[in-house]
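Visitor: Need the 3D shape of this:
(one chain, ligands or ions: 1)
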Amino acid sequence: MGTNVLVTGSNGQLGLTIKELYELNDEGLNFTFVSKEELDISNNQETTKIFTQNQFDYCINCAAYTNVEQAEVDVDEAFKVNAEGVQVLAHVCQLANVVLIHISTDYVFDGEAQQPYLESDVTKPINQYGKSKLKGEHYIQEIMERYFILRTSWLYSQYGKNFLKTIISRIDKKENLKVVNSQTGTPTSAAFLAHIIFQIIKTSFNYYGVYHATPNGKTTWYAFAKEIAKHFKDYDSHKIQPVDDYPSRATRPKYSVLNNTKLKTLNLAIPNWESELSKTILSLK
Ligand SMILES: NC(=O)c1ccc[n+]([C@@H]2O[C@H](COP(=O)([O-])OP(=O)(O)OC[C@H]3O[C@@H](n4cnc5c(N)ncnc54)[C@H](OP(=O)(O)O)[C@@H]3O)[C@@H](O)[C@H]2O)c1
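Guide: Numbers count the residues shown, from 1 in each chain. Here you go, the predicted model:
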């Protein structure tokens, strides 16, 4: 018995973070983890099979095409995973009466706002990754009744490739760094997002819909790098310099801070992004 949960894309940074939390905290929970090699969410047959052979209560979709730069070139592949793959999952979950917990992004917005985006604000993605993720959101909303779309931003963890790990490896090599200072958003630890997902499942939270799932506060990539450097006392943080722009195929929103007030209905303490960063760095050391 217990609550049966399928985690797709389980070898990505969020999938691995959920696995770590599950191993510490599995009371009453029965998780099945499937990597891309074990389940391609865009394959209708494979996806239908796993849902008919098992009785899941929830599906946490951690599968995604997440390379924002490459998505400008591999447009079809990005849409195949982030839109059509999500469409397949939504159909199958709806048929099997499974609650879908899906992760989306701040990049569904154009970044022209002056204040944090609400869930209900108009979406207008400005790059292919954002467009593909928004299409995925629309499919879920058209097809399903019981779903959570958790929009997060600037995700980092001890796993995979992310900004935190890149900066730390360059700090370790005592390198000079130029970091863009013209984009404002909220770094989110995968551990924080995993806790939110567990809270939804463990409390059988049933106010379905779209939620902005980020910690409190905001920063720029440059100030984020400086904050990381504070944890490495033998690195001279003056070596980190701000730049306005960097060569990039994908246009990124200038301002993508998400208003997380609605998330508070989950009754979970919401930390500042800096304290979440400290926790993740401590777990690395
Ligand atoms: N990273 C960020 O800064 C950020 C910001 C906002 C929102 N998000 C969202 O947060 C979620 C988790 O992101 P993440 O950083 O954990 O991503 P990630 O580390 O790239 O993990 C995604 C996983 O999905 C797998 N995958 C790709 N195509 C698949 C398919 N067709 N079927 C099944 N699995 C597939 C990937 O495998 P391969 O690596 O082998 O392709 C990878 O293991 C995503 O929905 C992402 O869009 C991320």
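Visitor: I'd like to know how far the residue in the stretch 151-285 of the chain that the ligand sits nearest to sits from Gln55.
Guide: At 3.5 Å from the ligand, Leu155 is the closest residue in the stretch 151-285 of the chain, using C-beta to the nearest ligand atom. Any C-beta I mention is one placed from the backbone N, CA and C, and that applies to glycine too. Going from Leu155 to Gln55 by C-beta to C-beta, to the nearest Å gives 30 Å.
Visitor: between the two, who's got more neighbours?
Guide: Between Leu155 and Gln55, counting by other C-beta atoms under 10 Å, Leu155 is the more crowded of the two (23 against 10).
Visitor: Please name the residues that touch that one.
Guide: 13-14, 162, 188-190, 193 (C-beta atoms under 8 Å, 6 or more residues apart in numbering).
Visitor: Quick one: neighbours of Val81, just the number.
Guide: 23.
Visitor: is stretch 275-282 anywhere near the ligand?
Guide: No: Stretch 275-282 lies out of reach of the ligand by C-beta under 6 Å from any ligand atom, never closer than 13.5 Å.
Visitor: ok so, going back, what is the nearest of the contacts of Leu155 to Leu177?
Guide: Using C-beta to C-beta, Asn162 comes nearest to Leu177 of those, at 15.5 Å.
Visitor: Tell me the confidence at the residue nearest to that closest one when sequence neighbours are not counted?
Guide: Nearest non-adjacent residue to Asn162, counting by C-beta to C-beta, 6 or more residues apart in numbering: Tyr156, 4.2 Å away. Model confidence at Tyr156, given as pLDDT, is 98.
Visitor: got it, and Ile143?
Guide: 98.
Visitor: Thr32 contacts Val5, correct?
Guide: Yes: counting by C-beta atoms under 8 Å, Thr32 touches Val5, with 7.1 Å between them.
Visitor: ok, the closest residue to the ligand within the chain - contacts?
Guide: Closest to the ligand within the chain is Gly12: 1.9 Å, counting by C-beta to the nearest ligand atom. Applying C-beta under 8 Å, 6+ apart to Gly12 gives the contacts 62-64, 66, 159-160.
Visitor: now Val68
Guide: 107, 127, 129, 250, 252.
Visitor: Give me the subset of those residues that also touch the ligand.
Guide: Applying C-beta under 6 Å from any ligand atom to the contacts of Val68, none is adjacent to the ligand.
Visitor: May I see these arranged in CSV, with neighbour count and distance to Phe205 as well?
Guide: Below are the contacts of Val68 laid out as CSV (neighbours: other C-beta atoms under 10 Å; distance: C-beta to C-beta, whole Å):
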residue, neighbour count, distance to Phe205
Tyr107, 28, 25
Asn127, 21, 32
Tyr129, 28, 28
Ala250, 17, 34
Arg252, 20, 32
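Visitor: just those now: which is nearest Thr220?
Guide: Arg252 (11.8 Å).
Visitor: Am I right that the closest one sits in a strand?
Guide: No: under DSSP: H, G, I helix; E, B strand; the rest coil, Arg252 sits outside any strand and is assigned coil.
Visitor: give me the beta-bridge partners of the residue of the stretch 151-285 of the chain closest to the ligand?
Guide: Thr188 (DSSP bridges).
Visitor: returning to that earlier point: the contacts of Val68 into a markdown table, with extra columns for pLDDT?
Guide: Formatted as a markdown table, those follow (pLDDT from 0 to 100):
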| residue | pLDDT |
| --- | --- |
| Tyr107 | 98 |
| Asn127 | 98 |
| Tyr129 | 98 |
| Ala250 | 97 |
| Arg252 | 97 |
